[in-house]
Each structure stands twice: as structure tokens, then as C-alpha cells.
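Chemist: Here is a sequence together with a model predicted from it:
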Amino acid sequence: MFDTLSDRLNGVFDRLRGRGALGEADVREAMREVRVALLEADVALPVARDFIARVTEKAVGQQVLKSVTPGQQVVKIVNDELVAMLGGEGADATGGEAVPLQLDVRPPAVIMMVGLQGSGKTTSTAKIAQLLRTKQGKKVMMASLDVNRPAAQEQLKVLGEQAQVATLPIIVGQQPVDIARRALESAKLQAVDVLMLDTAGRLHVDEALMAEMKAVASVSAPTEVLLVVDALTGQDAVNVAQSFSGEVPLTGVVLTRMDGDARGGAALSMRAVTGKPIKFAGTGEKLDAIEPFHPGRVAGRILGMGDVVSLVERAAQAVDAEDADKLAQRMMQGQFDMNDLRTQLMQMQKMGGLGMLAGMMPGMKKAKQAMAASGMDDKVLLHMDAIIGSMTKTERSKPELLNAKRKKRVAAGSGTSVQDVNKLLKMHQEMGRAMKQIKKMGGLKGLGALFG
Ligand code: GDP
């Protein structure tokens, strides 16, 4: 996701950064290119237009163009506006962090899931239920109100068993509003914290569907109404969101199939079109493939600065918390050396290999492309580990010591080539640079708190 957009934007910004002085015409020219890139990524036209207008207005300001690093400043403005576009600003502004679910009511808090058939609604219901159970210790119950699709209720029951979340027993023939009432009663009796209602989907938005949603909402008084849309459907997802948001009181969006190769338009337009934040991103078919949607991190990913925070979080799950803590500290202080890189490589292996992490990690994408081009695959992680293993202790903490002679020794020791050693050094360098940049831009407000 976002790959093409990311490449296009980086091309524009590399050129901007490459210049010392910038004039208004340069900025306008760059913004024309950004606009085309956004439209090609399937961003809705009015949304792209507004975005460009806001960035241009800020970027042609005297302060920016006269500053020492005008290119960098423009990128920072784009970053901030991207965060806003993705929902990091507004009534429920979180400064780029994910917007949490509102569950702070007398239990049971009701979450109503709505969306078209095939959008991933039932799967997302179970994913969120599991997340609430495991991460927040909530007692959750799910009920399927989908009486159109014969297997829908059964599907939720099976997912409930996998997620270890209770489902409302099925009564064949009962209608949605009655199921909702029964679910509420049952949830109260069993002291359930959160009741999730998986409503029926149809192939298209129609009146009967909307009438049913409204009736269910009026008997269950949900605190959250989450619209599930498929990111792969691009503009259609935006149209669906528009239709729903006019009819039911949405509180947020779940964007599924973010693991696919969607161009990103849906994610970028959703907030502007619905006025509601994307709260979760679905990233796969498995029940744990869901993440809170952090506008700040996603913007960082689009701008090619890597999603270091998510990466560190993933790492923290795979390794000792104390190690992760130290690593994060060192990253922020720009002291990331070969030992740290090695720890990371080993974690990557544990976390699902290169494919999973490409794009999350600064510099990794390019490194991966280079490796793919030279016919290497996940074995690459092992090669890298072998290379670092062949370095001396001093070399590991001061990789700049590696001259031609030392590189040759390391290559021989690890059964690789000097070229491989160089690639690794280059990747390490790029990571270091990207981290410094992120730090300079102050884009990772959460990081300190996360590891403080
Ligand atoms: P519903 O008709 O809206 O309830 O859709 P389902 O929950 O039954 O999902 C339809 C299909 O999409 C299933 O095969 C799911 O496994 C798959 N799916 C759901 N969410 C995701 C996601 O985030 N990524 C991927 N790759 N597949 C998903």
C-alpha cells in the first residue's frame, strides 16, 4: 500500500531538497507534481485540491522560502498536512496518534459494525473483539444480525471460538432488530463490557439496508458505529462511506485489506469525506491482523521515513522489553550501531521476514529492492547476520572504521562479497539518516512517551 505514491512523492522531494534556494515557482511546480501523484493514488479530486491549496499557502510563506533548509521545511509542511488529511487533526485531534474507541459508558458499550458485503465486516468484528479482550481485558460478546446470508451467523460463531469471544446463540428465523434486543439483554445479564453487533451487508447501498441500520441503532444506542470499507476498492470505498455517513451516525472507519496493493486513495480521502477518523486498519486474514490507525505513522511511511515506531513496537513484542527500550533510546540518540542492527535483523526474522517489514523501516525498501534484483531473498537476513558476526567488536560499534582491507576480511569471514558488506553498511547509514531526520522534524511525539 502507498508504494507508488511514496515513490512519486520522494522523487519530488529529493529534487526540492537538492536545491539550496527555493522560489515560489519551484514550490508551485513541485505541488503540481504532488497533485498528480495524489490523483494517481486515487485520492478524491476535491480532497487533493484542498490539500495542495493548504500546503502551497503555507509553503510559499516568506519564512519557509528564506529559511536555511527550504526543501526540508516544505517536506515538513507536507508531512503535517498529510497527518491532518489522515485524521490527525480535527474535533478529536490526537496529534497523529490513533483515535481510541469510545467505550466509557455504562456497560455494555455497544459497537455497531456496518458496511457492504465482502468488505471484511465479520472478520473485523472478530478482530476488534479479540483486541479488546486481549489488550484491554474486556469481556466481549458478539452477535450477528446478518439474516440475509445464510452462513453469516455461523461464520461469526466460528470466529468467536477462534478469538475466544462469546457469541449470542443463534435462533433461526429471528429478525435483526429482535436479535439486537436479545443481545443487549443477554449482555446485561452476563455483565459483558462490550457488545459488538455485526449487521447485515448488501452488495450495494440501498434503502432497505439503511432502514435496517437505523432500526438497529435506535434499539441498541451504540457508542461506536464503525463503517468497514475495503481499501482495495479505492474511489468506491469513498462513495460507500459518503452514502453511509449521510444515513447512520458513524463514529469511525475500519479500513480493511491495507495489506493489499491498494493505491491509498481510500485511506487519504476517508477523513475529508466522512469527517470521521479511520480507527483501525485490517492488514491480513488472520484474527490478529489489525492495527490501530496512527495518522502520524502512516504519513511517515508514505514520505519514506519509515514507520520506526511501529517497527519498534513489533520488535518489543518479539524481544525482551528491556532490550527494546535500550534500542529505542539509542535510535533516538542517533547511536544506532552494528550491534543494534544485528539485534534488529534477528528480530525481523522472528517477525516474519523482509516482506513484512519492507516499507516500515527507513532504507529497507531500497535495500530489499536491490537484494531482490540480485536474486536474494529472506536468506539475506542470515547473510547480514553473518557479516556483522565477522566484524570485530570495535568495528561493530564504529562501522566507519571499515576500510577496503577490513571489508575484504569481513566478506571472507562471512562467506559473502565486499559488495554485500557495502550494501549492509549503506542500509545502516540510510537508517541512521532517516532516524535523525525524523527526530529533527519532531514527527514522533509518541516515541518518548512510549519508551519513557
Ligand atoms: P463481510 O462480508 O463484510 O463480513 O466480509 P468477511 O469478514 O467475510 O471478509 C471477506 C473476506 O475478506 C474473507 O476472506 C476475509 O478473510 C478477508 N479479509 C477481511 N479483512 C481482511 C484484511 O484486512 N486483509 C485481507 N487480506 N483480507 C481480509
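Modeler: Happy to help now that I have it.
Chemist: residues touching Ala98, list them.
Modeler: Lys279, Pro292, Phe293, His294, Pro295 (CB atoms under 8 Å, 6 or more residues apart in numbering). In this view, the C-beta of every residue, glycine as well, is placed from N, C-alpha and C.
Chemist: Asp104 too?
Modeler: Taking CB under 8 Å, 6+ apart, we find Asp104 in contact with Thr223.
Chemist: Can you classify it as helix, strand or coil?
Modeler: coil (DSSP: H, G, I helix; E, B strand; the rest coil).
Chemist: Please report the distance of it from Gln136.
Modeler: Distance of Asp104 to Gln136, computed by CB to CB, to the nearest Å: 12 Å.
Chemist: and what of Thr125?
Modeler: 16 Å.
Chemist: Mind checking which of the two has more residues around it?
Modeler: Thr125 (30 against 13; other CB atoms under 10 Å).
Chemist: Name the helix or strand for that one, please.
Modeler: Using DSSP states H and E, Thr125 maps to helix 121-136.
Chemist: wait, does that helix make contact with the ligand?
Modeler: Yes - with CB under 6 Å from any ligand atom as the criterion, the ligand is reached by helix 121-136 at Lys121, Thr122, Thr123.
Chemist: What is the burial count for the second one?
Modeler: When neighbours are defined as other CB under 10 Å, Thr122 has 26 of them.
Chemist: And the one 10 residues further on, by the same measure?
Modeler: By the other CB under 10 Å criterion, the neighbourhood of Leu132 contains 22 residues.
Chemist: Kindly report the same for His383.
Modeler: 20.
Chemist: Identify the residue nearest it in space, chain neighbours excluded?
Modeler: Of all residues not flanking His383 in the chain, Thr416 sits nearest, at 5.5 Å (CB to CB, 6 or more residues apart in numbering).
Chemist: which residues does the one you found contact?
Modeler: His383, Ala386, Ile387.
Chemist: again with Met141
Modeler: With CB under 8 Å, 6+ apart, Met141 has these contacts: 108, 165-168, 183, 186-187, 190, 192, 194-196.
Chemist: where does it fall, helix, sheet strand or coil?
Modeler: strand.
Chemist: Provide the partner residues of the residue in the stretch 251-400 of the chain positioned nearest to the ligand in its beta bridges.
Modeler: Nearest residue of the stretch 251-400 of the chain to the ligand: Gly282, at 2.6 Å (CB to the nearest ligand atom). Counting by DSSP bridges, Gly282 is bridged to Ile290.
Chemist: where does it land on pLDDT?
Modeler: Gly282 carries a pLDDT value of 94.
Chemist: Count the neighbours of it for me.
Modeler: Neighbour tally, Gly282, other CB under 10 Å: 25.
Chemist: so it touches Val253, yeah?
Modeler: No - in this structure Gly282 lies outside contact range of Val253 using CB atoms under 8 Å: 11.0 Å.
Chemist: which stretches of the stretch 251-400 of the chain form strands?
Modeler: For the stretch 251-400 of the chain, strands defined by DSSP state E, counting those that start in this stretch occupy the ranges 252-256, 278-282, 290-292.
Chemist: Could you identify which of those strands is most buried?
Modeler: strand 252-256 (a mean of 27; mean count of other CB atoms under 10 Å).
Chemist: What strands flank it, and is each parallel or antiparallel?
Modeler: Pairing partners of strand 252-256, with direction, according to DSSP bridges: strand 224-230 (parallel), strand 278-282 (parallel).
Chemist: Now do the contacts for Leu101.
Modeler: Ile111, Ile128, Leu132, Glu224, Gly252, Lys279.
Chemist: Distance-wise, check it relative to Phe2.
Modeler: Counting by CB to CB - Leu101 and Phe2 are separated by 25 Å.
Chemist: Ok, Arg257 next?
Modeler: From Arg257 to Phe2 the distance is 13 Å (CB to CB).
Chemist: likewise Asp14?
Modeler: Using CB to CB, Asp14 is found at 17 Å from Phe2.
Chemist: Those two - which one has more neighbours?
Modeler: The neighbour count for Asp14 versus Phe2, taken as other CB under 10 Å, is higher for Phe2 (23 against 12).
Chemist: Quick check: that one touching Gly264?
Modeler: Yes - counting by CB under 8 Å, Phe2 does reach Gly264; the two are 4.4 Å apart.
Chemist: Give me the common contacts of the two.
Modeler: The contact lists of Phe2 and Gly264 share Ala41, Ile302, where a contact means CB under 8 Å, 6+ apart.
Chemist: Quick check: the nearest residue to Ala267 once chain neighbours are set aside vs Val421, distance?
Modeler: Nearest residue to Ala267 in three dimensions, chain neighbours excluded: Leu255, at 5.8 Å (CB to CB, 6+ apart). Distance of Leu255 to Val421, given as CB to CB: 41 Å.
Chemist: The helix or strand where Asp50 lies - contacts with which helices or strands?
Modeler: Per DSSP H and E: Asp50 is located in helix 45-59. Judged by 3 or more CB pairs under 8 Å, 6 or more residues apart in numbering; DSSP states H and E, the packing partners of helix 45-59 are helix 24-40, helix 70-83, helix 265-274.
Chemist: try 6 Å this time
Modeler: In terms of contacts (3 or more CB pairs under 6 Å, 6 or more residues apart in numbering; DSSP states H and E), helix 45-59 is packed against helix 24-40, helix 70-83.
Chemist: weakest of these in terms of mean pLDDT?
Modeler: Across these, the lowest-scoring stretch is helix 70-83, with a mean of 83.
Chemist: Show me what that one is packed against.
Modeler: Counting contacts by 3+ CB pairs under 6 Å, 6+ apart, helix 70-83 is packed against helix 3-17, helix 45-59, helix 295-302.
Chemist: For the ligand, which of those helices is the nearest?
Modeler: The ligand lies closest to helix 295-302 among these, at 15.0 Å (CB to the nearest ligand atom).
Chemist: Now do that closest one: which elements does it pack against?
Modeler: helix 70-83.
Chemist: Against which helices or strands is the next helix or strand after the helix it packs on packed?
Modeler: As assigned by DSSP H and E, the chain's next helix or strand after helix 70-83 is strand 109-115. Here strand 109-115 touches helix 121-136, strand 194-198, strand 224-230, going by 3+ CB pairs under 6 Å, 6+ apart.
Chemist: May I see the buried residues of the helix or strand just after the second one?
Modeler: Beyond strand 194-198 in the direction of the C-terminus, DSSP H and E gives the next helix or strand as helix 207-220. Neighbour-count burial for helix 207-220, with 16 or more other CB atoms under 10 Å as criterion, is recorded at Leu209, Met210, Glu212, Met213, Val216, Ala217, Val219, Ser220.
Chemist: Which residue, other than its chain neighbours, is closest to the third one?
Modeler: Spatially, and ignoring its direct neighbours in sequence, Glu212 is nearest to Pro176 (5.7 Å; CB to CB, 6+ apart).
Chemist: Quick check: pLDDT value at the one you found.
Modeler: 95.
Chemist: swap in His383?
Modeler: Reported pLDDT for His383: 81.
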